[in-house]
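1. Model the following, please.
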Amino acid sequence: MPDLEWLVTTYLTMLMIPYFVAFLLYMIRIIKGPTLPDRVLATDALGYDLAAFMTILTIVLRSPILIVSGVVLILWIFSLDIYVAKYLEARELGG
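-> Okay, here's the model as predicted:
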C-alpha cells in the first residue's frame with residue numbers, strides 16, 4: 001500500500017496538468033483576444049481558476065494563508081470587472 005505523501009503528490013500532479021493547460025489557453029486569449037471584453041473574460045477565468053487552485057493547495061498543504069490570498073485575488077478580479085465596465089460604459093456613451 002502506497003504511503004500518504006506519495007498519493008498526495010501523485011494526485012496533486014494529476015490535478016495540476018489540466019490547470020496548467022487552462023492557464024496556457026487563458027494567457028493566449030489574454031494576449032491575442034480580439035476585443036477588450038474577451039481579454040477581461042480570460043483574465044477573470046484565469047484569476048478564478050487560480051483562486052480555486054490556491055484553495056485546493058490550502059487543503060493539501062494545510063496552509064491557511066493561501067485562502068486569504070485567494071480571497072484578495074478574487075476581490076482584485078471583481079474590481080477589475082467594475083473598472084472595465086465603467087470604462088466601456090463611458091466609451092459607449094461618448095464621455
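2. Tell me which stretches of this protein form helices.
-> 4-32, 36-61, 65-93 (DSSP state H).
3. Out of those, which is the most enclosed?
-> helix 36-61 (a mean of 16; mean count of other C-beta atoms under 10 Å). C-beta coordinates here come from the backbone N, C-alpha and C atoms, glycine included.
4. Ile28 is in contact with Asp38, correct?
-> No. Counting by C-beta atoms under 8 Å, Ile28 is not a contact partner of Asp38; they are 11.2 Å apart.
5. Mind putting the helices of the chain into TSV with mean pLDDT?
-> Shown next, in TSV, are those (pLDDT from 0 to 100):
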stretch	mean pLDDT
helix 4-32	86
helix 36-61	87
helix 65-93	88
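6. shouldn't Leu80 be in contact with Leu46?
-> No. Between Leu80 and Leu46 there is no contact under C-beta under 8 Å: 11.2 Å.
7. Distance-wise, check Trp76 relative to Ala42.
-> As judged by C-beta to C-beta, to the nearest Å, Trp76 and Ala42 stand 15 Å apart.
8. Now do the same contact list for Gly94.
-> Residues in contact with Gly94 (C-beta atoms under 8 Å, 6 or more residues apart in numbering): none are found.
9. anything in contact with each of Asp38 and Ile28?
-> Overlap of the contact sets of Asp38 and Ile28 (by C-beta under 8 Å, 6+ apart) is empty.
10. how much space is there between the nearest residue to Leu73 once chain neighbours are set aside and Ala90?
-> What sits nearest to Leu73 in space, not counting adjacent residues and going by C-beta to C-beta, 6 or more residues apart in numbering, is Ala51, at 5.1 Å. Separation of Ala51 from Ala90 (C-beta to C-beta) stands at 29 Å.
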